[in-house]
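> Predicted model follows, preceded by the sequence.
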Amino acid sequence: MMEKESGVQETTAGNTFSICPVCGRRIAAKRVQTGREVRMRKHCQAHGSFDTVLWRGLRDWQEWRGDIEPPGEGECLRCGNCRGLCPEHKRSTCCTLLEVTSRCNMNCAFCFAGDCLEPDPSLEQVKAWIFDLTVPGKTFLQLSGGEPTVRDDLPDIVTFAKKCGCRYIQLNSNGLRLAEDEDYVRRLAEAGLSFVFLQFDGITDEVYTALRKRPLLSVKERAIDNCGKYGIGVTLVPVIVPGVNEHQIGDIIRYGIRWSPVVRGVHFQPVSYFGRIPALPEDQDRFTLDELLDAVVRQSGGLVQENNLIPSCCDHPMCGFHGDFVTLPDRTLMALTAKRQTCGCCGPEEPGFDPAEKNREFIGRRWNSGKEALLAGAASRSAPTEQDGGFTASDEGGKDASVKEDYTDMDVFLKRVREYGFTLTSMDFQDAGNLDFERLRQCSLHVYRRGRWIPFCAAYMTLFGDISGCYNET
Amino acid sequence: MADQEIKRPVKPEQYQPVLEGMPEMICRKCRLPMEPAETYFEYLDHGFHTKLLRCPKCGEVYIPEELARGKMAEVEQNLEDK
């Protein structure tokens, strides 16, 4: 225990391993707690010391993360430079991400995929990968890039993935083509696309101009509307960047609720510094998980309570949260999740219990369900206008929102949950500055590259000297 | 064990009306015919009600297997499944 000049005591909040953000070598790292704030400190003999904030102290660090066995010496030696899951990896695959192109029709200030430009893999090559990666009836496939919709043959890829037995097929998209090419959306729906992860950073064009270099709000709305017309659920995915859009977190949630059931939830991604970024991060450029938790509750105006957001039992608790809700006709939320003393789901694990499988089924079902209501609801929706705080998405086809339904009636409750499920989730990706092997070894989002599954944050890890550079697999 | 039927959850499209077509049920304890009654129960801080057969004397309710493996299981899954 040390004492800082301010007189506040410093305690060790765990030892782990990380990498040197300059050379990428594995180095020991220490988490240090001062008051309620937690930082990571690490030292590379060649490149000096590094110190970054992990937790601001807006929630209790220990209560959130619980007790987790630290990585031992000799374990996960190559974890930061992973070239494929090793037997020591602690999670099976929840979602498999497949890059079907490195091209993009935008040039964002922030992009985890960086500036790597390679020719598209052929359709036959993509099919061969999908055939290899699919476990029929189980696989949750994320089609990613680049921007996957630059491929005209994306519906053929979806058709093939469905034929192979992929259980859920998600498209990660900026929405440009989904907004402009309705027939393309129809073809994706007919091919069996389950849902879209839509880049959606805020509710004003200033946010898009700052992060995506062009105003995009109307484009996002058209994309959502088109997806709704063809029964494709949409999850809004905001990248939260301090000083740009952290003040719009509550507005994004309210926006999503107004577009329910087309919009199935919001998946927050606090900015991470890999791929293409404008500059290396200082403390003030990071938006920590506890800041996000605090902002969601505070900015939601009572829609979300602190105990509705809980750590996933799939990934590491510091990798994100999830909350499960149902949207109600008066545009409020009914919470289904609540942190309890004795949790109903995460009790002692039975033999054979697979958190990744449980999580895959949960998110897949939530984002994929209620297509009938979605189709019916979308048909009656009007585009948001300046009125009503900027949005006038209709109240479920003209249904009177003041008429209260009885959600203690089991049939009414189940119908509502099936049709109007809404999730608030987050994924806090790691970069070379704050990479923690304890988290990485528990990652269940895996990138498929040429027959190997690589934890997401290892796959896209960019050394700070190579920032804005191209990730080259060696 | 080999002969034991595996009890799988009933899918929503397979749900049957719980009381429709059900033969008369007699309370084992009171020997009285059970009657349809709104029944309230709680699960993980959420309260629900549905119509079940209940003994007019002792209040014991009969939960048919299809309800337990159908709607009730779905409610539980929605509240636990995180």
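Arrived safely, thanks for sending.
> quick one: A:Val241 from A:Cys227, how far?
25 Å (Cβ to Cβ, to the nearest Å). C-beta: built from backbone N, CA, C; applies to glycine.
> between the two, which one's more packed in?
A:Cys227 (30 against 23; other Cβ atoms under 10 Å in any protein chain shown).
> The nearest residue to that one once chain neighbours are set aside - how many residues pack around it?
The spatially closest residue to A:Cys227, leaving aside those adjacent along the chain, is A:Val234, at 5.0 Å (Cβ to Cβ, 6 or more residues apart in numbering or on different chains). Using other Cβ under 10 Å, the number of residues around A:Val234 comes to 30.
> Doesn't A:Val234 belong to a strand?
Yes: counting by DSSP: H, G, I helix; E, B strand; the rest coil, A:Val234 falls inside a strand.
> in stretch A:263-276, what's buried?
For stretch A:263-276, burial by neighbour count (16 or more other Cβ atoms under 10 Å in any protein chain shown) applies to A:263-276.
> let me fix that: stretch A:100-108
A:Val100, A:Thr101, A:Ser102, A:Cys104, A:Cys108.
> residue ranges of the strands in chain B, please?
B:35-43, B:46-54, B:61-62 (DSSP state E).
> Mind putting those strands into TSV with mean neighbour count?
Formatted as TSV, the strands of chain B follow (neighbours: other Cβ atoms under 10 Å in any protein chain shown):
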stretch	mean neighbour count
strand B:35-43	12
strand B:46-54	17
strand B:61-62	16
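> picking up where we left off before, and which of the buried residues of stretch A:100-108 is nearest to chain B?
Closest to chain B out of the buried residues of stretch A:100-108 is A:Val100 (30.6 Å), distances taken as Cβ to the nearest Cβ.
> who's in contact with the closest one?
Contacts for A:Val100 (Cβ atoms under 8 Å, 6 or more residues apart in numbering or on different chains) come out as A:Asp120, A:Pro121, A:Val126, A:Leu143, A:Ser144, A:Gly145, A:Gly146, A:Pro148, A:Arg151, A:Leu154, A:Ile157.
> Most neighbours among those, which one?
Busiest of these [other Cβ under 10 Å] is A:Leu143, holding 28 neighbours.
> Let me know the secondary structure of that residue.
Criterion first, three-state DSSP; result for A:Leu143: strand.
> same question, A:Cys314
Assignment for A:Cys314 (three-state DSSP): coil.
> likewise A:Gln284?
On the basis of three-state DSSP, A:Gln284 is classed as helix.
> Report pLDDT for it.
Each residue has a pLDDT score; the one for A:Gln284 is 95.
> In space, what's closest to it - neighbours in sequence excluded?
In space, A:Gln284 is closest to A:Pro242, 6.3 Å off (Cβ to Cβ, 6+ apart).
> Report the central residue of chain B.
For chain B, the residue sitting closest to the mean C-alpha position, by Cα atoms, centre = their mean, is B:Ile63 at 3.1 Å.
> Average pLDDT for the longest strand along chain A, rounded please.
Ranked by residue count, the top strand of chain A under DSSP E comes out as strand A:9-19. In this model, strand A:9-19 has a mean pLDDT of 91.
> Also stretch A:193-209?
According to the model, stretch A:193-209 has a mean pLDDT of 97.
> First-to-last residue distance for that stretch?
Using Cα to Cα, to the nearest Å, the end-to-end distance of stretch A:193-209 comes to 30 Å.
> Flag every buried residue along that stretch.
Quick answer for stretch A:193-209 (16+ other Cβ under 10 Å): A:193-203, A:207-208.
> Equivalent analysis for stretch A:313-326, please.
A:313-326.
> In a markdown table, list the buried residues of stretch A:193-209 along with distance to A:Phe362.
A markdown table is the format used below for these (distance: Cβ to Cβ, whole Å):
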| residue | distance to A:Phe362 |
| --- | --- |
| A:Leu193 | 20 |
| A:Ser194 | 14 |
| A:Phe195 | 14 |
| A:Val196 | 18 |
| A:Phe197 | 16 |
| A:Leu198 | 20 |
| A:Gln199 | 23 |
| A:Phe200 | 22 |
| A:Asp201 | 25 |
| A:Gly202 | 27 |
| A:Ile203 | 28 |
| A:Val207 | 30 |
| A:Tyr208 | 31 |
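> Between the buried residues of stretch A:263-276, which sits nearest chain B?
Closest to chain B, out of all of those and judged by Cβ to the nearest Cβ, is A:Gly265, at 13.2 Å.
> and the gap between that closest one and A:Leu216?
20 Å.
> chain center to the host helix or strand of A:Val296: distance?
Secondary structure from DSSP states H and E places A:Val296 in helix A:289-299. Chain-centre distance of helix A:289-299: 16 Å, with Cα atoms, centre = their mean, to the nearest Å.
> before we move on, what about stretch A:353-365?
Distance, centroid of stretch A:353-365 to centroid of chain: 15 Å (Cα atoms, centre = their mean).
> quick revisit: would you list the buried residues of stretch A:100-108 in TSV and tack on secondary structure and pLDDT?
Shown next, in TSV, are the buried residues of stretch A:100-108 (DSSP: H, G, I helix; E, B strand; the rest coil; pLDDT from 0 to 100):
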residue	secondary structure	pLDDT
A:Val100	coil	97
A:Thr101	coil	95
A:Ser102	coil	92
A:Cys104	coil	90
A:Cys108	coil	85
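> now, which of the residues you listed sits nearest A:Arg59?
Compare each of the buried residues of stretch A:100-108 with A:Arg59 using Cβ to Cβ and the shortest gap goes to A:Cys108, at 30.2 Å.
> The buried residues of stretch A:313-326 in strands, which ones?
Reading strands off the buried residues of stretch A:313-326 with DSSP E, I get A:Phe321, A:His322, A:Gly323, A:Asp324, A:Phe325, A:Val326.
> Beyond the lowest-mean-pLDDT helix or strand in chain A, next helix or strand please.
One helix or strand of chain A scores below all others by mean pLDDT, DSSP states H and E: helix A:387-390, with a mean of 40. Counting by DSSP H and E, the next helix or strand C-terminal to helix A:387-390 is helix A:410-420.
> now that following helix and strand A:321-327, what's the angle there?
With axes from the mean of the first three to the mean of the last three Cα atoms, to 10 degrees applied, the angle from helix A:410-420 to strand A:321-327 works out at 120 degrees.
> Show me what helix A:410-420 is packed against.
If you count contacts as 3 or more Cβ pairs under 8 Å, 6 or more residues apart in numbering or on different chains; DSSP states H and E, helix A:410-420 packs onto strand A:321-327, helix A:371-379, strand B:46-54, helix B:71-80.
> Return the member of these having the minimum mean pLDDT.
Among the helices and strands packed on helix A:410-420, helix A:371-379 scores lowest, at a mean of 62.
> ok so, going back, mind giving me CSV with the helices and strands packed on helix A:410-420 and columns for distance to A:Val32?
What follows is those, written out as CSV (distance: least, Cβ to Cβ, whole Å):
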stretch, distance to A:Val32
strand A:321-327, 24
helix A:371-379, 48
strand B:46-54, 41
helix B:71-80, 37
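> Which of the ones you listed sits closest to A:Gly35?
strand A:321-327 (22.5 Å).
> Tell me the helices and strands packed up against that closest one.
Looks like strand A:321-327 contacts helix A:289-299, strand A:310-311, strand A:333-335, helix A:410-420, strand A:421-426 (3+ Cβ pairs under 8 Å, 6+ apart).
> What mean pLDDT does the second one get?
This points to strand A:310-311. So the average pLDDT for strand A:310-311 ends up being 92.
> strands paired with that strand, and their directions?
strand A:321-327 (antiparallel) (DSSP bridges).
> Kindly export the strand it pairs with (C-alpha atoms) in PDB.
Only the C-alpha atoms of strand A:321-327 are listed here, as PDB (Å, rounded to 0.1, in the frame of the first residue of the first chain):
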ATOM      1  CA  PHE A 321     -23.300  -4.900 -19.400                       C
ATOM      2  CA  HIS A 322     -26.800  -5.900 -20.500                       C
ATOM      3  CA  GLY A 323     -30.300  -5.000 -19.600                       C
ATOM      4  CA  ASP A 324     -33.400  -6.600 -20.800                       C
ATOM      5  CA  PHE A 325     -36.600  -4.600 -21.200                       C
ATOM      6  CA  VAL A 326     -40.000  -4.400 -22.900                       C
ATOM      7  CA  THR A 327     -41.100  -1.200 -24.500                       C
END
